[in-house]
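[1] Sequence and predicted structure below; questions after.
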Amino acid sequence: MSSRFSRWKLVVLGAMSLYGSVAQAEGGLVGAVAGKPYVLTAAAVSGAKGQPVKAQVLIKPAAGYHMNEEFPTSLKLSPTPGVTYAKAQLSKADAAMSKDECRFDVVLTGAEAGKKSVTGNLSFAVCTETTCDPQKATVTIDLTVK
């Protein structure tokens, strides 16, 4: 009887853990949700029509990992109607990178009022003392143009 109780306890704890991950996903912790060795955030931004705004895309390695500063890290933004980019393809040279994090500052300009979702593809690597793990991730930046 106690082993059955223990199994149910594990199921309930697992469900609670999953629910917590979903709540984190809605807050922007993309990597943590997917069980990846990093946390990815892209803060929502707003600005006036025709005025550039800066959005930050931030990658933080999970405990026991560090950013690979030698990897050809990049962020490629997909075309978004009504939004122009100061630079659509950013490379490692455009990033502020250390072993603890990688940050891309993305400059966006909205041509028309409304809410826009700018998507892009990240390529980077996180490493442990014994392994190096190349990663690919999709990022979404929410832009509100007034």
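    The structure has been received and is ready for your questions. Numbering: from 1, shown residues only.
[2] So, low pLDDT: which residues of the chain?
    1-34 (pLDDT under 70).
[3] Nearest the geometric middle of it, what residue?
    residue 40 (2.8 Å; CA atoms, centre = their mean).
[4] For this protein, which segments are assigned as helices?
    Shown for the chain, the helices assigned by DSSP state H span residues 2-26, 30-33.
[5] Number of residues surrounding residue 96?
    11 (other CB atoms under 10 Å). C-beta: built from backbone N, CA, C; applies to glycine.
[6] Could you list everything the residue nearest to it when sequence neighbours are not counted pairs with in the sheet?
    With CB to CB, 6 or more residues apart in numbering as the measure, residue 103 is the residue that lies nearest to residue 96, at 4.5 Å, once sequence neighbours are left out. Per DSSP bridges, the residues bridged to residue 103 are residue 58, residue 96.
[7] Please apply the same query to residue 67.
    residue 126.
[8] start the count at 404, not 1, going forward
    Sure, I'll start numbering at 404, so the last one becomes residue 470.
[9] Give me the domain ranges for this protein.
    404-438, 439-548 (automatic domain parsing).
[10] Please identify the most buried of those.
    Ranked by mean neighbour count, the domains of the chain are led by domain 439-548 with a mean of 16 (mean count of other CB atoms under 10 Å).
[11] where's that domain relative to the chain centroid, distance-wise?
    Computed by CA atoms, centre = their mean, to the nearest Å, the chain-centroid distance of domain 439-548 equals 7 Å.
[12] start to end distance for it?
    32 Å (CA to CA, to the nearest Å).
[13] who touches the nearest residue to residue 494 once chain neighbours are set aside in this structure?
    If you skip the residues right next to it in sequence, residue 494 has residue 477 as its closest partner in space, 5.3 Å away by CB to CB, 6+ apart. With contacts defined as CB atoms under 8 Å, 6 or more residues apart in numbering, residue 477 is in contact with 492-495, 525-527.
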